[in-house]
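> Generate coordinates for the sequence data below:
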Amino acid sequence: MYSYIKGTIEEVYEDLIVVENGGIGYNIHVPLRVLDELPGRGGQVKIYTYLHVREDAFTLFGFLSRDEIGMFRLLLNVSGIGPRGALSVLSVLSANEIRFAVASDDVKTISSAPGVGKKTAQRLIMELKDKVSIEDAVGTLQENPELVSHGGNAVKKEAAEALTALGYSGAEAAKVLAGIEITEESDVESVLKQALKNMAFL
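Numbering: from 1, shown residues only. As a prediction, this is how the structure comes out:
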């Protein structure tokens, strides 16, 4: 029904913001991570929305990017995870951190979300295994993809696999690789060395 809502932030609560557009205030539930990235009251914002419909309620959930709302939709398809559960996961993990965690069978990282136990995390990984991949994460990690060749994406993918093989979580791999610039001259060894060096600062 709604693709996004663009307007002024009027109120901010623990997991809810009120965005005014055209004289109407919309209650939008957002992940806790999103609250840290929003401007203060009176600021302008564009929120991509998902409308959840039940017999007794219409609830809007909001995200700052199409990537996040896409992951939210995927999480809703996991057995036993409703909108609140999906919001909980995205409150502590970014879309890419979820991709890396799923690709590396990282139950510990997924279950770090409030209300998500080990069994639910295992089911989430199993059901999303064929729907997300490290390649998906690599494609969105680079802030300026036009500066990176397809070979650069391959380098980042191999570095991610090497990090998870060394025992780092998928979320840790995603976070450290997001901060490394990949050029056409980059190779797996140099990226991996930089990643391991940066791990000390996470």
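> what ranges of this protein fall below the confidence cut-off?
Applying pLDDT under 70 to the chain picks out residues 1, 133-153, 200-202.
> So which residues of it form strands?
4-12, 16-21, 24-29, 44-53, 58-63 (DSSP state E).
> From the contact counts, what lies against the third one?
Right, strand 24-29. Strand 24-29 sits against strand 4-12, strand 16-21, strand 58-63, with contacts defined as 3 or more Cβ pairs under 8 Å, 6 or more residues apart in numbering; DSSP states H and E. Yep, even glycine has a C-beta here, placed from its N, CA and C like the rest.
> what are the pairing partners of it, and which direction each?
Sheet pairing of strand 24-29 (DSSP bridges) gives strand 16-21 (antiparallel), strand 58-63 (parallel).
> CA atoms of the first one as PDB?
These are the backbone C-alpha positions of strand 16-21, laid out as PDB (Å, rounded to 0.1, in the frame of the first residue of the first chain):
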ATOM      1  CA  LEU A  16       8.400   4.000  17.300                       C
ATOM      2  CA  ILE A  17       8.500   7.300  15.500                       C
ATOM      3  CA  VAL A  18       5.700   9.600  14.400                       C
ATOM      4  CA  VAL A  19       6.300  11.100  11.000                       C
ATOM      5  CA  GLU A  20       4.000  13.900   9.900                       C
ATOM      6  CA  ASN A  21       3.100  14.100   6.200                       C
END
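> buried sites along that strand?
17-19 (16 or more other Cβ atoms under 10 Å).
> With the last one instead?
By neighbour count, with 16+ other Cβ under 10 Å as the criterion, the buried positions of strand 58-63 are 60-63.
> same question, stretch 89-107
Quick answer for stretch 89-107 (16+ other Cβ under 10 Å): 89-104, 106-107.
> ok, back up a step: okay, the helices and strands packed on strand 24-29 in JSON lines with distance to V132 next?
As requested, the helices and strands packed on strand 24-29 are exported to JSON lines (distance: least, Cβ to Cβ, whole Å):
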{"stretch": "strand 4-12", "distance to V132": "23"}
{"stretch": "strand 16-21", "distance to V132": "27"}
{"stretch": "strand 58-63", "distance to V132": "16"}
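> Done for today, thanks.
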